[in-house]
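> Sequence first, then the predicted structure:
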Amino acid sequence: MSAWVSVCTKGQLISERGVAVLVHDQQVALFRVTGADGSDFVYAVGHRDPFADANVIARGIVGSVGSGSEQRDTVASPMYKHVFDLATGECLTDPSERIPVYRTWIAGGVVYVHPVPLAPSLVA
């Protein structure tokens with residue numbers, strides 16, 4: 001179960017919007033975030049909001065905190081508005097919770113997600 005899973009094309013992802021995909025038996029939220037320099041990155045995090053116990057993260061509001069090299073891309077859950085760091089899964093409004101983070105890979109315009117989430121110690 002460690003093979004990369006193709007989930008969509010990069011062109012199907014709208015910048016700053018989330019989409020839910022199924023990676024094996026896990027619901028994963030994908031976010032295409034465009035930087036100030038025009039580059040984009042696709043984040044993959046768990047779709048389940050740990051506070052609401054509902055699969056809603058892909059419907060959250062994308063934003064960022066910090067500035068310059070300290071800027072962090074985030075998503076605010078639509079349920080209770082908890083803010084999660086898209087790169088680490090850390091909840092910035094309540095550090096007692098976090099969401100899983102998955103590796104992404106783009107090849108030939110296809111977005112792949114690794115089905116095994118990163119360990120929190122590897123993304124912090």
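Here it is on my side, so go on. Numbers count the residues shown, from 1 in each chain.
> and residue 27, what does it touch?
Counting by Cβ atoms under 8 Å, 6 or more residues apart in numbering, residue 27 makes contact with 20, 21, 46, 47, 48, 55. For the C-beta atoms, the positions are set from N, CA and C on the backbone; glycine is no exception.
> Grab the nearest non-local neighbour of residue 16.
Using Cβ to Cβ, 6 or more residues apart in numbering and skipping residues adjacent in sequence, the residue nearest residue 16 is residue 62, 4.6 Å away.
> If the one you found is in a bridge, with which residues?
Beta-bridge partners recorded for residue 62 (DSSP bridges): residue 75.
> Next one: residue 72 from residue 92, what distance?
Remark: distance between residue 72 and residue 92 (Cβ to Cβ, to the nearest Å) = 8 Å.
> Just the element for residue 121, please.
Assigned by DSSP states H and E, residue 121 belongs to helix 120-123.
> can you pull out the strands in this protein?
Here the chain has its strands, by DSSP state E, at 5-9, 18-23, 26-34, 40-46, 48-49, 54-55, 61-65, 72-76, 83-85, 101-102, 104-107, 110-113.
> Any idea which of those strands gets closest to residue 119?
Distance to residue 119, taken as Cβ to Cβ, is lowest for strand 101-102 among the strands of the chain, at 9.4 Å.
> packing partners for that closest one?
Counting contacts by 3 or more Cβ pairs under 8 Å, 6 or more residues apart in numbering; DSSP states H and E, strand 101-102 is packed against strand 40-46.
> partners of the strand it packs on in the sheet?
Take DSSP bridges as the rule and strand 40-46 pairs in its sheet with strand 26-34 (antiparallel), strand 101-102 (antiparallel).
> Quick one, grab the pLDDT at residue 58.
We have a pLDDT of 98 for residue 58.
> And residue 123, by the same measure?
For residue 123, the pLDDT comes out at 66.
> now, among the contacts of residue 27, which is nearest to residue 6?
residue 21 (9.9 Å).
> Perfect, I'm done here.
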